[in-house]
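A.B. asks: pasting the sequence and the predicted model now:
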Amino acid sequence: MLIQGLVFSESGFAGRGYAVKALFPIFKSHPELVYLDSNATSQKPESVIEVIDRYYRSENANVHRGVYQLSEDATRSFEEARQRIAKYMNAENSEIIFTRGTTEAINIVAQSGAAAFIRPGDEIVLTVCEHHSNIVPWQIVAERHGATIKYIPLTGNRRLDLEVAAKLITDKTRFVSVGHISNVLGVIHPIREIIKLAKAAGAFTMIDGAQGIPHVRVDVKELDCDFYAFSGHKAFGPTGIGVLYGRKALLQAMPPYQGGGDMIEKVTLQGSTWNEVPSKFEAGTPHIEGVIGLGAAIDFLQSISLEKILIHDQKLGNMLVNRLREEFPLVSIMAEPGDDWVGTVTFAHSKIHPHDLAAVCDGEGIAIRAGHHCAQPLMEVLGVTATARVSPGLYNDEEDIERFIKALRKAENLFL
Ligand code: C6P
């Protein structure tokens, strides 16, 4: 099902007779808003908001517990969402674990995966581009289990150095954990090649898909990764809900991450046994409306074609990069655009601090992100302490980029 009237042309997305923004109620509440911070979180379409609203109005009950109709209805909606997500990623239902987001999903793999598989002297391979969520959990377990972390560096054009990766990944490597797409550079990492290197060395692979799922189609079988994590809120879904895909045999071999209701088979005063996966990793009452909303977000993603959104975002990103290069000599851009890039434009200005620029933008009704973007090691590699980031999405258009350029010019007039 394609969204009615939504067309994609040379000039990007447009509705027939309406703006794409009309699908997103936030732009009704804030008609002048220019939202250019989609890498932080996406705006939510009406269809997702409506499903959550309907759930609370007509289906609200706890799942997996009640032997009454309302609970059975809620359980059915909840498990149907799991099925839709599993199908979308080409996984089995039992391989989809609901988490609070990417961060919790990576922590599950690091903690439970380390307990099952990491021994003193083992190595964990990450990259210098990682979000803190894909560094700190590994640092915690490396220290606890006597493992060492190695980092794949960047080449001069700010792409991952695969030659070095091939040397770093050895038979000592137990886990390779890499972001699918950098939240700062917007570069799509060559994860297929990295997964192949890891497989050849006998290491497990974890992909941080926080920026992957909203930008590219993911098939976990085709990727051949062991684990893949993402957050609902970056992919048109609600906050507080995410997914960990894990290969079933590995999930079965790993101890639970948290204890509580629903994750047990039997509890006695002496000890407990665990439920089957995925329940083993889903302790306590889940984020029911989050899961149902995420199911609707996946339907939304399928209805709009990620390939087209990518072209649209690249086009807006390229437009901004060209204007910055032509008109703003004090700006340095952190990553060159290319086919392996999702249109994220992160830059430093030699005379204006990114927070000052973000404040000027805010005064003009424009939302951008400024700071280290939860990637302090990458900032060090790039030789900056903070940057400004413009991350376009489906609901942006050329006029939004024009408004941002005007705001940047205003900031220069104020600060130079
Ligand atoms: N990046 C950004 O503005 P959570 O917070 O668990 O939903 O996602 C964490 C996370 C992990 N990996 C990557 C690559 C990410 O981009 C993020 C979240 C946001 O860039 C918020 S810091």
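C.D. replies: Everything's here; your move.
A.B. asks: thought residue 159 was touching residue 193?
C.D. replies: No: counting by CB atoms under 8 Å, residue 159 does not reach residue 193; the two are 11.4 Å apart. In short, each C-beta sits where N, CA and C put it, glycine included.
A.B. asks: the two - which one has more neighbours?
C.D. replies: Neighbours per residue, other CB atoms under 10 Å: of residue 159 and residue 193, the larger number sits with residue 159, 20 against 13.
A.B. asks: just the terminal-to-terminal distance for stretch 142-155.
C.D. replies: 26 Å (CA to CA, to the nearest Å).
A.B. asks: quick one: mean pLDDT for that stretch?
C.D. replies: Stretch 142-155 comes out with an average pLDDT of 98.
A.B. asks: same deal with stretch 331-338?
C.D. replies: Taken as a whole, stretch 331-338 has a mean pLDDT of 97.
A.B. asks: quick one: the strands in the stretch 151-300 of the chain?
C.D. replies: Here the stretch 151-300 of the chain has its strands, by DSSP state E, counting those that start in this stretch, at 173-179, 204-208, 227-231, 242-246, 264-267, 272-274.
A.B. asks: just say helix, strand or coil for residue 351.
C.D. replies: When classified by DSSP: H, G, I helix; E, B strand; the rest coil, residue 351 comes out as coil.
A.B. asks: where does it fall, phi/psi-wise?
C.D. replies: phi -120, psi -10 (degrees, to the nearest 10).
A.B. asks: give me the neighbour count for it.
C.D. replies: For residue 351, the neighbour count with other CB under 10 Å is 11.
A.B. asks: which residues sit in contact with it?
C.D. replies: 330, 412, 415-416 (CB atoms under 8 Å, 6 or more residues apart in numbering).
A.B. asks: one more: residue 250?
C.D. replies: Contacts of residue 250 (CB under 8 Å, 6+ apart): 113, 116, 204, 226-227.
A.B. asks: nearest to the ligand, of the strands of the stretch 151-300 of the chain?
C.D. replies: Ranking the strands of the stretch 151-300 of the chain by proximity to the ligand (CB to the nearest ligand atom) places strand 227-231 first, at 3.3 Å.
A.B. asks: touching the ligand at all, that closest one?
C.D. replies: Yes: using CB under 6 Å from any ligand atom, strand 227-231 reaches the ligand at residue 231.
A.B. asks: coming back round to it: redo the contacts of residue 250 as a markdown table? Include neighbour count.
C.D. replies: A markdown table is the format used below for the contacts of residue 250 (neighbours: other CB atoms under 10 Å):
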| residue | neighbour count |
| --- | --- |
| 113 | 29 |
| 116 | 14 |
| 204 | 23 |
| 226 | 24 |
| 227 | 26 |
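A.B. asks: may I see those residues arranged in a markdown table, with pLDDT as well?
C.D. replies: Compiled in a markdown table, the contacts of residue 250 are given as follows (pLDDT from 0 to 100):
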| residue | pLDDT |
| --- | --- |
| 113 | 98 |
| 116 | 98 |
| 204 | 98 |
| 226 | 98 |
| 227 | 99 |
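A.B. asks: on that earlier part again, whichever of the contacts of residue 351 end up buried, select them in ChimeraX.
C.D. replies: Entered in ChimeraX, the line below selects the buried ones among the contacts of residue 351, by 16 or more other CB atoms under 10 Å:
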select :412
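A.B. asks: now for the contacts of residue 351: which two are most distant?
C.D. replies: Taking CB to CB as the measure, these span a maximum distance of 10.1 Å, between 330 and 415.
A.B. asks: shared neighbours of those two, anything?
C.D. replies: Common neighbours of residue 330 and residue 415 (CB under 8 Å, 6+ apart) are 351-352.
A.B. asks: which parts of the stretch 201-350 of the chain sit against the ligand?
C.D. replies: So the stretch 201-350 of the chain meets the ligand at 208, 210-211, 231 (CB under 6 Å from any ligand atom).
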